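>>> model this:
(6 chains)
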Protein chains: 6
Amino acid sequence: MVLVQANIDDMNPEYSSYVTERLFEAGANDVYWVPIIMKKGRPGLMLNVLAAAERLEQMEDVIFTETTTLGLRYLQANVHRLGREFVQADTQWGTVSVKLGYYKGKLVQAAPEFKECEAIAKRHGVPLKLVYEEVRRTCAGLKPPAADT
Amino acid sequence: MVLVQANIDDMNPEYSSYVTERLFEAGANDVYWVPIIMKKGRPGLMLNVLAAAERLEQMEDVIFTETTTLGLRYLQANVHRLGREFVQADTQWGTVSVKLGYYKGKLVQAAPEFKECEAIAKRHGVPLKLVYEEVRRTCAGLKPPAADT
Amino acid sequence: MVLVQANIDDMNPEYSSYVTERLFEAGANDVYWVPIIMKKGRPGLMLNVLAAAERLEQMEDVIFTETTTLGLRYLQANVHRLGREFVQADTQWGTVSVKLGYYKGKLVQAAPEFKECEAIAKRHGVPLKLVYEEVRRTCAGLKPPAADT
Amino acid sequence: MVLVQANIDDMNPEYSSYVTERLFEAGANDVYWVPIIMKKGRPGLMLNVLAAAERLEQMEDVIFTETTTLGLRYLQANVHRLGREFVQADTQWGTVSVKLGYYKGKLVQAAPEFKECEAIAKRHGVPLKLVYEEVRRTCAGLKPPAADT
Amino acid sequence: MVLVQANIDDMNPEYSSYVTERLFEAGANDVYWVPIIMKKGRPGLMLNVLAAAERLEQMEDVIFTETTTLGLRYLQANVHRLGREFVQADTQWGTVSVKLGYYKGKLVQAAPEFKECEAIAKRHGVPLKLVYEEVRRTCAGLKPPAADT
Amino acid sequence: MVLVQANIDDMNPEYSSYVTERLFEAGANDVYWVPIIMKKGRPGLMLNVLAAAERLEQMEDVIFTETTTLGLRYLQANVHRLGREFVQADTQWGTVSVKLGYYKGKLVQAAPEFKECEAIAKRHGVPLKLVYEEVRRTCAGLKPPAADT
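Reported below is the predicted structural model:
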């Protein structure tokens, strides 16, 4: 994997969410922005893109075309992504997908699918935080798959 | 005093130091920028200007002319500025102005004039931090004016 | 107008865009978040909502229901919004709405409607920044309305 | 209430947690720091203190004595704090205090006492997030007091 | 290239622009500061310096002499800088230098020389944003060099 | 050394100081958090951990167990730590430890032990900044060890 970075201080910051979206479409694994202070004390944004090395050219295409940067740098990175599994959590308002993460065969993460929680909160007029937490609750008793270490 | 604020997410951030400078020229007491997150998750900057109420129009002139904002807001503020006095501190590299601040008749602050410290550091090839600290040291023994209360 | 603020350090930050959306639906004029450092050095977010004083209760409803805060504060604020007008800008890819802002009868701002620029950029496969800038260009010759001052 | 603010760009940032602590001891209701960009593009910190108006002098004592600022400003603020109640939540590792918040007679917040969760996590060698979430779970069924609106 | 980083929480932040300047004089390719939260919740600044590997020692000289850090780390980085060319843009107020950037033989960037735009804005009493945008406009029709590939 | 990074947008930010503490206990050399803007404009925090490569597994244990992340990345880093020495500084309120840093045999840093300065400031009721600066003053005349080069 490569971590591509570009420091940008002369771009309309409105563009940033569009740039993020384009980078994901072009195959980025992750995209994030860091507020920084550049030359002459200018408030800028550092664009960060994590992508497979063979995607570097597509990332550059988007960055040079859609931002105002005249250069970028990249660093070699290794990635450790947890084994994942999707389950359906039953709540009083319907089912919600949950992304489970396993580390050394143990269930360590349970991330409710955010968009589905939002949709339920809107449809049923309940606070989002209640929905989200009820989903998490249903995962509390989950066990790792039988065949774990 | 008024504290004038404008949230800006569609301006080239390079302009910000120029805007700051123009506001000081137009009589602002203080100008600072705060990184914020605006509508649709856009990274923006909140411009803050502290000025006397009778300067509000001049501040608006600069803000509407030099930034891209379509509106601003202002809050009433009271200000407590310490009684100040300038002294000259003698260092091995020459004298440096120091701004002293008195609170209830007691000397509480001693702020070396930054530009003069920088000039000495460059001229004599010594680390800026040494210059700055030596200036502060010479202030350590300073006493409040005799007639304090 | 009131500026409502709540410091939040124990909420899943994923909720923030949903909270923003709900506040706009409930009549907020502006919503933004400021990264702050709270008690015990905890990284938190300060929610800021600008709203008409008579909307304060609706704002509180959303804030107390959707965030985890146990309190909020509000400050009185005055607002100066520029006189606005919408025009259509003709570009090689179709027309785009532009929000014009007048200060003392003079045209000072011309803000292309961002979503329309994005839609054109996607539909025509051109960089967003080209679309945005062409729209701005068509506004360069705009004059303030005859009856200005 | 007053919201006291001081912009500081020449203080060792290590001092900030000590200043925060001293302000709480002197009766502040809340203290937080905001990263800002000051004159000449300097990265600074804005100290914010929320306190009762009659505590203003104690706040000034700490700010002028312990920070390097030569001035401060204050804004009038109104505060809406939720009605609060403490309950004990039973978990498999012992009881934990929870601060409940009521809005219009309805239970809207349940904030586990953080230090107690930390202590349990350390003592029992369980992830803090499990402790915290189990405490929240026990609050899920809580009802507002009988005599609500 | 190397990316040198140092986390600093005990330095007067006023020094930072001087440190930046000294690093550029010593041959840095880029210098920027990132607001971070360090041990015990202290607000700090991470200094970042991008430089050729053979300049590492000069970078260290400045960092250890001018900041308060007791250590630094460096990461290997690769850099992709666009082919550049300078042109002169004619505006109604005189000519301005523009840095052009070519990616795969196509003109993708046109960055007006900021200091020259500022000088014109001051001399002619026109908003900086008008100057900057007029310069960009003159670049809109620019074509990539004939012999592109 | 490795620099381990995880972007987190769905964790209660209150956990962060606990996570930091656990990572130091597990052998991290440094831990810091960077405010970032993630997918869909969400305000997140990037956790950064600097550790010896052979400690990577312990770091992962803490990160996957105590945070909500589903993945992390790591970069190779080299570290240059100054030669260090501890001395005792005598002040009017007692002695304070000072960490000295040597670069090319020259004394370049003198960092007072912060906790000891705090303890003195509290015990003697003097401003922390006075204590800290007096400690620094006593270091001003320190010379590098005789056998330097």
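
>>> alpha carbons only for contacts and neighbour counts from here, please
Fine.

>>> do a quick rundown of the helices in chain A.
If DSSP state H is used as the criterion, the helices of chain A fall at A:16-25, A:56-66, A:114-124, A:128-139.

>>> worst mean pLDDT among the ones you listed?
Out of those, helix A:128-139 stands lowest, with a mean of 92 (criterion: mean pLDDT).

>>> what are the contacting residues of the helix or strand of chain A with the lowest mean pLDDT?
The helix or strand with the lowest mean pLDDT-type score in chain A, counting by mean pLDDT, DSSP states H and E, is helix A:128-139 (a mean of 92). Taking Cα atoms under 8 Å, 6 or more residues apart in numbering or on different chains as the criterion, the residues outside helix A:128-139 that touch it are A:89-91, A:96, A:110-112, A:114, A:117-118, A:120-121, C:15, C:66-67, D:137.

>>> just the angle between it and helix C:16-25, please?
With axes from the mean of the first three to the mean of the last three Cα atoms, to 10 degrees applied, the angle from helix A:128-139 to helix C:16-25 works out at 150 degrees.

>>> now do the buried residues in helix A:128-139.
Residues A:128-137, A:139 are the ones in helix A:128-139 that count as buried (16 or more other Cα atoms under 10 Å in any protein chain shown).

>>> okay, domains of chain A per the record?
As recorded under automatic domain parsing, the domains making up chain A are A:2-76, A:83-148.

>>> residues contacting residue A:85?
When contacts are counted by Cα under 8 Å, 6+ apart, residue A:85 is found next to A:99-101.

>>> also residue A:62?
A:19, A:22-23, A:26.

>>> closest to residue C:74 among those?
Distance ranking of those against residue C:74, using Cα to Cα, places residue A:19 first at 35.5 Å.

>>> which positions in chain A make contact with chain D?
Contact residues, chain A versus chain D (Cα under 8 Å from any Cα of the partner chain): A:37, A:40-43, A:137.

>>> kindly recompute the last result at 10 Å.
Contact residues of chain A with respect to chain D, defined by Cα under 10 Å from any Cα of the partner chain, are listed as A:36-43, A:108, A:127, A:130, A:133-134, A:136-137, A:140.

>>> need the max-distance pair from these.
A:40 and A:140 (51.0 Å).

>>> report how many residues lie close to the nearest residue to residue A:109 once chain neighbours are set aside.
The shortest distance from residue A:109 to any residue that is not its chain neighbour, by Cα to Cα, 6 or more residues apart in numbering or on different chains, is 4.7 Å, and that residue is residue A:101. When neighbours are defined as other Cα atoms under 10 Å in any protein chain shown, residue A:101 has 24 of them.

>>> what does the one 3 residues further on give?
Around residue A:104 there are 11 other residues, counting by other Cα under 10 Å.

>>> I'd guessed it sits against residue F:57; true?
No - no contact is recorded between residue A:104 and residue F:57 when judged using Cα atoms under 10 Å, the distance being 11.0 Å.

>>> switch the domains of chain A over to TSV; also include distance to residue C:83.
Formatted as TSV, the domains of chain A follow (distance: least, Cα to Cα, whole Å):
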stretch	distance to residue C:83
domain A:2-76	22
domain A:83-148	35
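
>>> out of those, deepest packed?
For the domains of chain A, average neighbour numbers computed from mean count of other Cα atoms under 10 Å in any protein chain shown are highest in domain A:2-76, which has a mean of 21.

>>> how far away from the center of its chain is it?
Centre-to-centre, domain A:2-76 and its host chain are 15 Å apart (Cα atoms, centre = their mean, to the nearest Å).

>>> ditto for stretch A:78-87
Taking the mean of its C-alpha atoms, stretch A:78-87 sits 13 Å from the chain's own mean (Cα atoms, centre = their mean).

>>> just put the contacts of residue A:85 in TSV and tack on pLDDT.
Shown next, in TSV, are those (pLDDT from 0 to 100):
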residue	pLDDT
A:99	96
A:100	96
A:101	96
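
>>> just give me the closest of the residues you listed to chain F.
Of all the contacts of residue A:85, the one sitting nearest chain F is residue A:101; the distance, using Cα to the nearest Cα, is 6.1 Å.

>>> now the closest one: how far from residue D:70?
Summarising the geometry, the distance separating residue A:101 from residue D:70, computed by Cα to Cα, to the nearest Å, is 52 Å.

>>> residue A:19 too?
43 Å.

>>> do residue A:61 as well
Residue A:61 sits 50 Å away from residue D:70, going by Cα to Cα.

>>> also residue A:66?
Summarising the geometry, the distance separating residue A:66 from residue D:70, computed by Cα to Cα, is 45 Å.

>>> my read: residue A:80 touches residue F:75, true?
No - Residue A:80 lies out of contact with residue F:75 (Cα under 10 Å); the separation is 11.6 Å.

>>> so who does the nearest residue to residue A:11 once chain neighbours are set aside touch?
In space, not counting the residues next to it along the chain, residue A:11 is nearest to residue B:12; the distance is 5.4 Å by Cα to Cα, 6+ apart. Residue B:12 is in contact with A:8-14, A:43-44, B:67-68, E:129, E:132, counting by Cα atoms under 10 Å, 6 or more residues apart in numbering or on different chains.

>>> as a quick check, tell me the outermost residue of chain A.
Outermost residue of chain A with respect to the C-alpha centroid, by Cα atoms, centre = their mean, is residue A:40; its distance is 32.0 Å.

>>> which residue sits closest to that one, ignoring its sequence neighbours?
Across the structure, with Cα to Cα, 6+ apart as the measure, the residue nearest residue A:40 apart from its sequence neighbours is residue D:41 (6.3 Å).

>>> pretty sure the one you found is touching residue A:39, no?
Yes - using Cα under 10 Å, residue D:41 is in contact with residue A:39, at 8.8 Å.

>>> quick one: common contacting residues for those two?
With contacts defined as Cα under 10 Å, 6+ apart, the residues adjacent to both residue D:41 and residue A:39 are residue E:17.
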